[in-house]
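Student: have a look; sequence and predicted model below, questions after that.
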Amino acid sequence: MKKLTFTSVFSQLLLLLFVIAWIVPTFGLFISSLRDKDVLAISGWWTSFTTTEVNEIYRTKGKEDQIKEGDYYFIKSNLFDENQVKEIYRFGITSKNIDEYEVGETALFKDETEITVFENGDYVWKSKEEFKKKKGKRIFVSAKSPPSFTLDNYKEVLLKEGLGQAFLNTFAVALPATLIPLIICSYFAYALTWMKFYGRDLLLATIIASLVVPLQMCLIPVLTIYNDFGALFGVSAKSYPGIWMAHTGFGLASTTFLLWNFLKTLPSEMIEAARVDGATHYDTFIKIVVPLSIPSFASIFILQFLWVWNDLLVGLVFLDKHPSEIILTAKLKELLGSRGENWEILTTGAFVSMTVPLFIFFSLQRYFIRGLVAGSVKG
Amino acid sequence: MSIFSLAITVLVGVLFFVLFFHLSNFLLDYFRVKASKNFAFENSIRVIIFIAPAFIVLFVFIIYPVFETIRLSFYDKVGENFVGLFNYTWAINDPDFRRSIINNLGWLIVVPTLSTFFGLVIANLADRIWWGSIAKSIIFMPMAISFVGAGVIWKFMYDYRGPGDQQIGLLNAIAVALGFEPQAWLTIPVWNNLFLMAIMIWIQTGLALVIFSAALRSIPNETLDAARIDGASELKIFWSIIIPYLEQTILVIWTIITILVLKVFDIIYAMTNGQWQTEVLANLMYDWMFRGGGDSGRGSVLAFCILIGVIPILAWNLYRHKQEQKV
């Protein structure tokens, strides 16, 4: 057991502070996505864990719901919607005095009808004469609202807001845009490491230079090529194969570089022995190098997949905003513009877009970190 | 599109490349057996099969566009008529451009510095605390999230309601609790840039953290123990041993984050879209790609400015690569 020194306590506290500062924004988003949209709009997410007191206005039902029992007419119903869990403790019938009565007490309206409101929202409205008005009366209630969470927001964004389709589209972009560069770069990196050919060093230098070339330098010419290509063959310039190749192009330098860094560390005797035994480069590649590189492939796959999944710019430029092509990030940005005040949609949408990266992050963190570290320490 | 047709498209796309490599190598082997034993010839064909797809992709998507963009920066908006330095003089006199340059410089100073600093401090703290790896995981997590997702998270943090209303944004709730007026943080010029930078720092600290953690492990324990026995304080050890030891790593992290920051687009596009004086080069460039039917000349000038920012790093990387190759 280590001694509890001042330094160790201090560093624990400091680290705790960092952790809290880093986790709170995401946590707040997650909690908000699970809250009822009406509550979300009027109270901070941090209030959702405790019972809160709210003042609300409801309206009773009108004459259509009345029944006659004995000499009196009654309207019996419940103030709340079906799935609301609230506990009324006071109520009132005028806006001047919204908490005049205790629950269970009977309040008298000016027209001599009387109403009793109960804790669970049930009410009984009693009158000597028949109810004539279509519209009911306003009831002011002070209620305690215990913590309550719902998945309704998720249903709404996935089905109604079109995020479900965007989710599939993003997969359709991200999987090939990860696998294609992985396939191409594995042959390329093998050639750069184990094959001898003229211009190899120049090619390597080109890759290292390409690693840092900003994406923006490539957008306009590539878009022009796509437009010309589309016009020439009478197809749309914006398509899935188009964006796969764009992502392949922009990601190839880094995937190749990462894999080349790994292949360099394989013992050259092994490769040479295989070659001496008469194996072709293709056999050597498939039977020796690929099986040994699986962990590297995993790291590269994760990095490239997350990059593509999280990308916005390439998706905006090379895909339509049509529902059948829009990707999650673009959709989310669109919602930020059009539904800026609907936090239930934004928080839920953002969380939906984060599910896949977070799943990969928590299940394959080791490979993710390995890839990042390998790419940086040597790069 | 339905799941089914999406899946088919995906499968066809990927299989195309698998089959290309497989079939071309298979054919080569087939003809080798049949024809001569011309080893050199076979080898050069094989090299071409291995590198051709990658080279074509690299050429079409990186090499050619870089030179084409530089060329376009001297041409008019449709890229047909040579206009000399016109686009450059336009840029220098454009208030948005100047604002972007200043903002980008601000980003370049603040974000890499603070991310690296936080990463270094947290890596050191977490290294000797038993729950350190959990802490590292949590701080690293934003790395997995998209910039747009992070944008939503923070827009919610910065949310603003009028002074009388309940604040639902955490930052304003804290401000109100401390007795200040609530603020619409993202609309206060100059300062709002810092609130946007905070998002990038929040994300990139994780990157610095994991790389530092890996590097810290390479510091020999004997050195640290020797210093402790000699009575050096932890702070002294940090400054006199750890920092000098990590010099290279600090530089590497700095350059990685610098490159990311130069290209920063998503955060600004999602949060303010350049309003309230938060414009940066990448955002302005995107704007000019499409504004008024698109102006490839101006867009190219802006892209080229970003490239100029990375050229020192590019040169340094190439230099280091050459040194490594010599060894």
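Tutor: On my side now, so go ahead. None of the values given here were measured: they were computed from a predicted structure. Numbering: from 1, shown residues only, chains lettered A, B, ... in the order given.
Student: for the residue in the stretch 101-250 of chain A positioned nearest to chain B, give me its contacts.
Tutor: Scanning the stretch 101-250 of chain A for the residue nearest chain B gives A:Gly249, at 2.4 Å (criterion: Cβ to the nearest Cβ). From N, CA and C alone the C-beta is placed, and that goes for glycine too. Listed by Cβ atoms under 8 Å, 6 or more residues apart in numbering or on different chains, the contact set of A:Gly249 reads A:218, A:222, B:57-58, B:60-62.
Student: can you put the residues you listed in CSV and add pLDDT?
Tutor: Below are the contacts of A:Gly249 laid out as CSV (pLDDT from 0 to 100):
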residue, pLDDT
A:Cys218, 93
A:Val222, 94
B:Val57, 94
B:Leu58, 94
B:Val60, 94
B:Phe61, 95
B:Ile62, 94
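Student: could you give the mean pLDDT of the strand or helix carrying the residue of the stretch 101-250 of chain A closest to chain B?
Tutor: With elements taken from DSSP states H and E, the one containing A:Gly249 is helix A:240-263. Per-residue pLDDT over helix A:240-263 has a mean of 92.
Student: narrow the contacts of A:Gly249 to those in helices?
Tutor: Among the contacts of A:Gly249, the residues falling in helices (DSSP state H) are A:218, A:222, B:57-58.
Student: does any bit of the longest helix anywhere in chain A sit next to chain B?
Tutor: Among all segments of chain A classified by DSSP H, the helix with the greatest residue count is helix A:343-377. Yes. Taking Cβ under 8 Å from any Cβ of the partner chain as the criterion, helix A:343-377 and chain B are in contact, through A:343, A:346-347, A:349-350, A:353-354, A:357-358, A:360-361, A:365, A:368-369, A:372-373, A:376-377.
Student: now do that helix: distance to the chain's middle.
Tutor: Averaging C-alpha coordinates over helix A:343-377 and over its chain gives two centres that are 10 Å apart (Cα atoms, centre = their mean, to the nearest Å).
Student: would you map the helices across the stretch 151-300 of chain B?
Tutor: Secondary structure of the stretch 151-300 of chain B, counting by DSSP state H, counting those that start in this stretch: helices at B:170-177, B:191-216, B:221-229, B:234-237, B:243-245, B:247-262, B:266-271, B:281-290, B:296-326.
Student: got the buried residues for the fifth one?
Tutor: Neighbour counts using 16 or more other Cβ atoms under 10 Å in any protein chain shown place B:Tyr245 of helix B:243-245 among the buried residues.
Student: who touches that helix?
Tutor: Helix B:243-245 is contacted from outside by B:215, B:219, B:250, using Cβ under 8 Å, 6+ apart.
Student: try 6 Å this time
Tutor: B:Ile219 (Cβ atoms under 6 Å, 6 or more residues apart in numbering or on different chains).
Student: so for it, what's the average pLDDT?
Tutor: With pLDDT averaged residue by residue, helix B:243-245 scores 88.
Student: quick one: residues contacting residue 163.
Tutor: Using chain A here. A:157, A:349, A:352.
Student: wait, chain B
Tutor: B:Pro182.
Student: quick check: closest non-adjacent residue to A:Phe18.
Tutor: In space, A:Phe18 comes closest to B:Ile122 once its chain neighbours are excluded; the distance is 5.5 Å by Cβ to Cβ, 6 or more residues apart in numbering or on different chains.
Student: now that that neighbour has come up, it's in contact with B:Leu209, right?
Tutor: Yes. With contact taken as Cβ atoms under 6 Å, B:Ile122 and B:Leu209 are classed as touching, separated by 5.3 Å.
Student: what sits in contact with each of the two?
Tutor: Residues touching both B:Ile122 and B:Leu209 (Cβ under 6 Å, 6+ apart) are B:Ile139.
Student: out of the contacts of A:Gly249, which comes closest to A:Ser338?
Tutor: Of all the contacts of A:Gly249, A:Val222 has the smallest distance to A:Ser338: 28.9 Å, by Cβ to Cβ.
Student: from the chain's centroid, how far away is stretch A:226-233?
Tutor: For stretch A:226-233, the separation from the chain centroid amounts to 34 Å (computed by Cα atoms, centre = their mean).
Student: any bit of it sitting next to chain B?
Tutor: No. No part of stretch A:226-233 sits close enough to chain B to count as contact by Cβ under 6 Å from any Cβ of the partner chain; the gap is at least 10.2 Å.
Student: tell me which residues of that stretch are tucked away?
Tutor: If you call a residue buried by 16+ other Cβ under 10 Å, then stretch A:226-233 has these buried ones: A:Tyr226.
Student: dump it to CSV, keeping only the CA atoms.
Tutor: What follows is stretch A:226-233, C-alpha atoms only, in CSV (Å, rounded to 0.1, in the frame of the first residue of the first chain):
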residue,chain,number,x,y,z
TYR,A,226,-15.9,13.7,-61.8
ASN,A,227,-18.1,16.2,-63.5
ASP,A,228,-16.4,15.6,-66.9
PHE,A,229,-16.5,11.9,-66.4
GLY,A,230,-20.2,12.1,-65.5
ALA,A,231,-21.0,14.3,-68.5
LEU,A,232,-19.0,12.0,-70.9
PHE,A,233,-20.8,8.8,-69.9
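Student: so which residues of the stretch 101-250 of chain A form helices?
Tutor: Using DSSP H, counting those that start in this stretch, helices in the stretch 101-250 of chain A cover A:152-155, A:163-194, A:200-212, A:216-233, A:240-263.
Student: in the helix holding A:Gly249, what's buried?
Tutor: For helix A:240-263, using 16+ other Cβ under 10 Å, the buried residues are A:240, A:242-263.
Student: what of stretch B:76-91?
Tutor: B:76-77, B:79, B:83, B:86-88, B:91.
Student: pLDDT of it, averaged?
Tutor: If you average the pLDDT over stretch B:76-91, you get 88.
Student: torsion angles phi and psi at A:Tyr58?
Tutor: When read as degrees, to the nearest 10, the backbone of A:Tyr58 gives phi -130, psi 170.
Student: ok so, going back, okay, the helices of the stretch 151-300 of chain B, which one's buried deepest?
Tutor: Each of the helices of the stretch 151-300 of chain B was assessed for mean neighbour count using mean count of other Cβ atoms under 10 Å in any protein chain shown. The highest is helix B:266-271, with a mean of 25.
Student: can you list the residues that contact that helix?
Tutor: By Cβ under 6 Å, 6+ apart, the list of residues contacting helix B:266-271 from outside reads A:312, A:333, A:336, B:147-148, B:151, B:196, B:199, B:278, B:280, B:283.
Student: those residues into CSV, with extra columns for pLDDT?
Tutor: Formatted as CSV, the entries for the contacts of helix B:266-271 read as follows, by pLDDT from 0 to 100:
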residue, pLDDT
A:Leu312, 93
A:Lys333, 90
A:Leu336, 87
B:Phe147, 93
B:Val148, 93
B:Gly151, 93
B:Leu196, 94
B:Ile199, 95
B:Thr278, 91
B:Val280, 93
B:Asn283, 92
